[in-house]
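*Asks:* Model the structure of this input:
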Amino acid sequence: MTSPSIRTLSGVGEQVAQLLARLGILTLSDLLFHLPRGYEDRSRIVPLNQLRIGQSALIEGTIQSSEHPPAGKSGRTALLVHLSDGAGRLTLRFFQIYPGMKDKMQAGRTLRAFGEVRMGGRGLEMSHPEIQMVSPGTALPPSRLTAIYPTTEGLTQAKLRSLMEQALKAFPAELQELLPTRVFAVLRQTQPYSLKQALREVHHPAVDSDVEALLSYRHPAQIRLIFEELVAHQASLLSRRYYLQIKAAPVIPASTQLAPQLLANLRFSPTGAQLRVGAEISRDLTLRHPMLRLVQGDVGSGKTLVAALAACHVLEAGWQVALMAPTELLAEQHLINFRNWFEPLGIQVTWLAGKQKGKARAAAEAAVSSGESRLVIGTHALFQDSVQFANLGLVIIDEQHRFGVDQRLALREKGMAGMSPHQLVMTATPIPRTLTMSVYGDLDTSIIDELPPGRTPVTTVAVPFERREDVIVRVAANCGQGKQAYWVCTLVEESETLDAKAAEDTYEELTQRLPGLKIGLVHGRMKSDEKQQVMQAFKANELQLLIATTVIEVGVDVPNASLMIIENAERLGLSQLHQLRGRVGRGAAASFCVLMYKAPLSENGVERITTLRESSDGFVIAEKDLELRGPGEILGTKQTGLLGLRLVQLQRDQYLLPLAQEIASNLLKEQPQQADALMLRWLPTAPRYARV
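*Replies:* Predicted coordinates:
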């Protein structure tokens, strides 16, 4: 049954319909599932000394005075009304002054106002609040919370609320219950909400609603909708897993020659965690359906070796292997490692990247399509239509969070007809369990939870920018002892909006200040061969100090580097800071990470730096990052943007995830049509995966 068009509502003409379409609202159902992002609380008066900047609040005070100063440089004039409630003060600012308004604002009168609190020239103020003159002690009328919606320019909150009222009255018949009734008993809701009741309460809270519960998203009506949204997302993930596994995959026996030879040539022994995860991968490869495995490991835990061992099984069985990394610098680091490991075993490694042109590109593609090249390393260029594989058996994707969440599906089509390649996804960004279930629920997960022996703990210190001279002296002393250092800047060149010191300027400055040091520069705008040349020189200890942007965040292994300087550390998130810190402490020398920041630090900034100083556990840091900055910081916008969550807040609602996963799995097996309807309701633009 199709939902009625949004144009059936009064007040929706061509212009409003176009604005609503920008928000993905085409039908009444779309509108009802355009859920509030928050509420205005007009149920209580906030004392003036408890107001916070950016807060919308209902206040009451006595008018102390009012003034109408002459117009300033902008040519605008305003009426300023100064209020006090005995505990604090606030100024109301009105630019539109109607007749008699100044006479109304007499000293001694009591006034109520609702608006957003801002910092003005003389302290806290509200601009153009809604106002009401009252007598002292006048009781508040029964008041609902007022819903605040995500909107677009030209579409007011008042208009959205008006349309929502109409939609609730004309509740479309096709909005059926899609969750099994047993869910509500499991959720232990004393007052189970039907879908209709839940939507009505969330959009238009009743007068006697639990205000605190609604504001904290703990109201039973909200929980009922949050849970339904989680089930829809889990169903989509499980559906994607099924789609990825419906084709057969090559059955790959465990390597008896390549893997033992590779291990015998190493100058170190694998950790127990590496061997355990390697065995899990080897077991997956023997199955008749595609392996879908995510390998997580903290900085320096040895994921690359695990990937190489997986490649040994597949290469020995006669199939091709492709390894894809998000940046050319990281892909080039893999290229160096894999050539060192595999060329002594008689296996050539082919390079395939976006900047490759002409004959070199054509030759690489021809070698891949003929099967002559069995081990291929590159960037997103591997996705392109022009790249065809002869018999692709394994795809390894490093730093998956840098790619779109569904990009790996494209590689499914690179296998032989009727066959899907196995997929191994790696990340050095530890992902909290909540996010793993929410974003990578279609993958099996392995964790390398052990660092190789000999890794040196890194001491982390925070230093204000004013002590930059001391830091330069420290760099000189460190490098004078034969050790190496990184100096990381957050931008390549100066910006009007961000005053982070540019890498190029820092290079020029430190070259002059430290003439005795050999200094290199690496940033994302350099040509690939230039970057690689500098990195190789640094790795060979031909350079003592490397000035870089965050392009060195992953994949760079220089055991002699023992000092990391991160300038403007307050601009980076916890996970990124942890990744950068992981570039040092890879050898036996005592290692240090200096977080240089511009004071004053925000409360959030203090928490980030404190967490980094107190913990070296990537999973602890990732959990804190999720709490402070949300999933975008950990996974990147390409991941979280496609999550498209409306009510769900992963940190807050993680307790519901296991049950949501169970219900989604049962729905897909027992009531696939309802599962499809649920996904269409909550994820209308997500890809649909055939289950045939």
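
*Asks:* Run through the strands of the stretch 451-600 of the chain in chain order.
*Replies:* Taking DSSP state E, counting those that start in this stretch to define them, one finds strands in the stretch 451-600 of the chain at 458-464, 484-488, 519-522, 545-548, 561-567, 591-597.

*Asks:* what's the last one packed up against?
*Replies:* Contact partners of strand 591-597 among helices and strands, from 3 or more Cβ pairs under 8 Å, 6 or more residues apart in numbering; DSSP states H and E: strand 458-464, helix 468-480, strand 561-567, helix 574-581, helix 603-614. For the C-beta atoms, the positions are set from N, CA and C on the backbone; glycine is no exception.

*Asks:* Of these, which is nearest His289?
*Replies:* helix 574-581 (32.5 Å; Cβ to Cβ).

*Asks:* Now do the closest one against helix 603-614: the angle between them, please.
*Replies:* Relative orientation of helix 574-581 and helix 603-614, computed by axes from the mean of the first three to the mean of the last three Cα atoms, to 10 degrees: 40 degrees.

*Asks:* Any chance you could give me helix 574-581 in CSV, C-alpha atoms only?
*Replies:* Taking Å, rounded to 0.1, in the frame of the first residue of the first chain, the C-alpha atoms of helix 574-581 are listed here in CSV:
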residue,chain,number,x,y,z
LEU,A,574,41.8,10.9,19.9
SER,A,575,42.0,8.1,17.4
GLN,A,576,44.1,10.1,15.0
LEU,A,577,46.4,11.3,17.8
HIS,A,578,46.8,7.6,18.9
GLN,A,579,47.6,6.6,15.3
LEU,A,580,50.3,9.3,15.0
ARG,A,581,51.8,8.4,18.4
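
*Asks:* Okay, buried residues for that helix please.
*Replies:* Neighbour counts over helix 574-581 (16 or more other Cβ atoms under 10 Å) mark 574-581 as buried.

*Asks:* go on, stretch 206-213?
*Replies:* By 16+ other Cβ under 10 Å, the buried positions in stretch 206-213 come out as 209, 211.

*Asks:* before we move on, what about stretch 612-631?
*Replies:* The neighbour-count check on stretch 612-631 (16+ other Cβ under 10 Å) flags 612, 615-616, 618-626, 628, 631 as buried.

*Asks:* want to try TSV for those, with secondary structure, pLDDT and distance to Pro464 as columns?
*Replies:* Listed next are the buried residues of stretch 612-631 as TSV, based on DSSP: H, G, I helix; E, B strand; the rest coil; pLDDT from 0 to 100; distance: Cβ to Cβ, whole Å:
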residue	secondary structure	pLDDT	distance to Pro464
Leu612	helix	89	16
Ser615	coil	84	22
Ser616	coil	81	23
Gly618	helix	78	26
Phe619	helix	75	29
Val620	helix	80	26
Ile621	helix	81	22
Ala622	helix	76	27
Glu623	helix	76	27
Lys624	helix	79	22
Asp625	helix	76	23
Leu626	helix	72	28
Leu628	helix	71	21
Pro631	helix	58	31
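
*Asks:* Show me which pair in those residues is furthest apart.
*Replies:* Ser616 and Pro631 (22.5 Å).

*Asks:* Among the buried residues of helix 574-581, which one sits closest to Ile53?
*Replies:* Distance to Ile53 across the buried residues of helix 574-581 (Cβ to Cβ) is lowest for Leu574, with 24.9 Å.

*Asks:* Relative to Ile336, how far out is the closest residue to the closest one other than its chain neighbours?
*Replies:* Spatially, and ignoring its direct neighbours in sequence, Leu574 is nearest to Asp625 (4.1 Å; Cβ to Cβ, 6 or more residues apart in numbering). According to Cβ to Cβ, to the nearest Å, Asp625 and Ile336 sit 30 Å apart.

*Asks:* thinking again about what came up before, any idea which of the buried residues of helix 574-581 is least confident?
*Replies:* Across the buried residues of helix 574-581, the smallest pLDDT goes to Ser575, namely 79.

*Asks:* thinking that one is in contact with Val620, fair?
*Replies:* No - counting by Cβ atoms under 8 Å, Ser575 does not reach Val620; the two are 11.4 Å apart.

*Asks:* so what sits against both of the two?
*Replies:* Residues touching both Ser575 and Val620 (Cβ atoms under 8 Å, 6 or more residues apart in numbering): none.

*Asks:* Look up how far Val376 lies from the residue nearest to Leu574.
*Replies:* 34 Å.

*Asks:* if we can go back for a sec, so which of the helices and strands packed on strand 591-597 is nearest Ala170?
*Replies:* Going by Cβ to Cβ, the one of the helices and strands packed on strand 591-597 nearest Ala170 is helix 603-614, 44.0 Å.

*Asks:* What residues of that closest one count as buried?
*Replies:* Neighbour-count burial for helix 603-614, counted by 16+ other Cβ under 10 Å, picks out 605, 608-609, 611-612.

*Asks:* Wait, a strand at Ala308?
*Replies:* No - assessed with DSSP: H, G, I helix; E, B strand; the rest coil, Ala308 is helix; it does not lie in a strand.

*Asks:* residues contacting it?
*Replies:* 262, 337-338, 341-342.

*Asks:* Try it again at 10 Å.
*Replies:* Listed by Cβ atoms under 10 Å, 6 or more residues apart in numbering, the contact partners of Ala308 are 258-259, 262-263, 266, 278, 302, 321, 323, 334, 337-338, 341-342, 375, 396.

*Asks:* are any of those residues buried, and which?
*Replies:* Among the contacts of Ala308, those buried by neighbour count (16+ other Cβ under 10 Å) are 258-259, 262-263, 278, 302, 321, 323, 334, 337-338, 341-342, 375, 396.

*Asks:* Same question for the longest helix along the chain: list its buried residues.
*Replies:* Ordering each helix of the chain by length in residues (DSSP state H) puts helix 220-245 first. Residues of helix 220-245 classed as buried: 220-241, 243-245 (neighbour count, 16+ other Cβ under 10 Å).
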